[in-house]
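In: Here's my sequence, what's the structure:
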Amino acid sequence: MVQLGVNRYGKAEIRMVRVGRGAGSGGSDVLRDWNVSTSLSGDLAGSHLTGDNSNVLATDSQKNKVYALAKELGPVEPEAFALALAPFFTSSQAPISRARVSIDEYGWNPIGAGGYSFARAGDLVRTTTVIHDVDAGTSLVSGIKDLIVMNTTGSEFWGFPKDPYTTLPETKDRILATAVNASWRFWPDTFGRVDWGWAFGRAKQTILDTFAGTYSYSLQQMLFALGSALIAAIPEICEVRLALPNRHHFIVDLAPFGLDNDREVYHADDRPYGLIEGSVLADFAPDASLAWT
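Out: Just a heads-up that it's a prediction; the model follows:
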């Protein structure tokens, strides 16, 4: 005997570029470059068990709604877009009780004086996920992916347990490098008053300032420092989750060539790597069961 478990469906990676003609300062264009993914769940058992598609909104229709809403709303922040899109699916399609909208935004920097020329900013990906449930309410998580940072000193790692397989030497001075993947969840009652663009810029700068200003004894310690700083900098945040890969740098032995190497030449090892993950919560943070599913 088998039974259908949890399921959902949607349109993944809808590529959409929205140009706001003259919507920027001084009449310049505004550019939004997005990868939008939708996912719906609800009364959908029939499509799995009997092939009855009467409750299935075609994924092509979901894609078309993304493009139409982009026209209607203009070049808005991704949080505002996702907050408008997710409830549309639950309100317009009775069988759908939960909608999940995820947006990856790729940055562009204006160049030139014309207000219409841009160069791709490749330093990170901005992320947004909104989940709207007709019973549980709405959850909003923003974030950053692949913000690559490095401290060339100011980091130690020692005092760890030794076993027969330990070959890693202790160090009082090392390179600490990582690609910050951070997501921050907002208190549900703050959605209407958050300036999403300001919050993202503040979060990014807080991550950079905290990474640069924290003397580290482990990447775990850095994770907690980053999460704590984000909650302090943006009071509307109730939880931060981070995944920090440790991008190892090992000092190259140049002695065979008659050369000293006083922390100057390193081998950057891309794999395997340590992966440090964790969350930091504000006091009395609401339940997170909806936010990360």
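
In: Hmm, T128 is touching E79, no?
Out: Yes - shown here, T128 and E79 form a contact pair, counting by C-beta atoms under 8 Å, at 5.2 Å. The C-beta positions use only the backbone N, C-alpha and C, and glycine is treated the same way.

In: Overlap in contacts, the two.
Out: Shared contacts of T128 and E79 (C-beta atoms under 8 Å, 6 or more residues apart in numbering): L140, S142.

In: could you measure the residue sitting furthest away from the middle of the chain against Y266, distance?
Out: Here the chain reaches farthest from its C-alpha mean at G258, the gap being 46.3 Å by C-alpha atoms, centre = their mean. Applying C-beta to C-beta, to the nearest Å, the value for G258 to Y266 is 19 Å.

In: picking that back up, how close does the residue farthest from the centre of the chain sit to I251?
Out: Using C-beta to C-beta, we find G258 at a distance of 16 Å from I251.

In: what's the answer for R32, then?
Out: Taken as C-beta to C-beta, the span from R32 to I251 is 44 Å.

In: Who has more neighbours out of these two?
Out: Taking other C-beta atoms under 10 Å, R32 and I251 do not tie; R32 has more neighbours (21 against 15).

In: which stretch of helix or strand covers the closest residue to that one other than its chain neighbours?
Out: Distance criterion C-beta to C-beta, 6 or more residues apart in numbering; nearest residue to R32, sequence neighbours excluded, is R18 at 4.3 Å. Taking DSSP states H and E as the criterion, R18 maps to strand 14-20.

In: can you pull the buried residues of the following helix or strand past that strand?
Out: Following strand 14-20 in sequence order, the next helix or strand is strand 30-42 (DSSP H and E). Of all the residues in strand 30-42, those buried under the rule 16 or more other C-beta atoms under 10 Å are 30-42.

In: same question, stretch 67-78
Out: For stretch 67-78, the neighbour count (16+ other C-beta under 10 Å) marks L69, A70, P75, V76, E77, P78 as buried.
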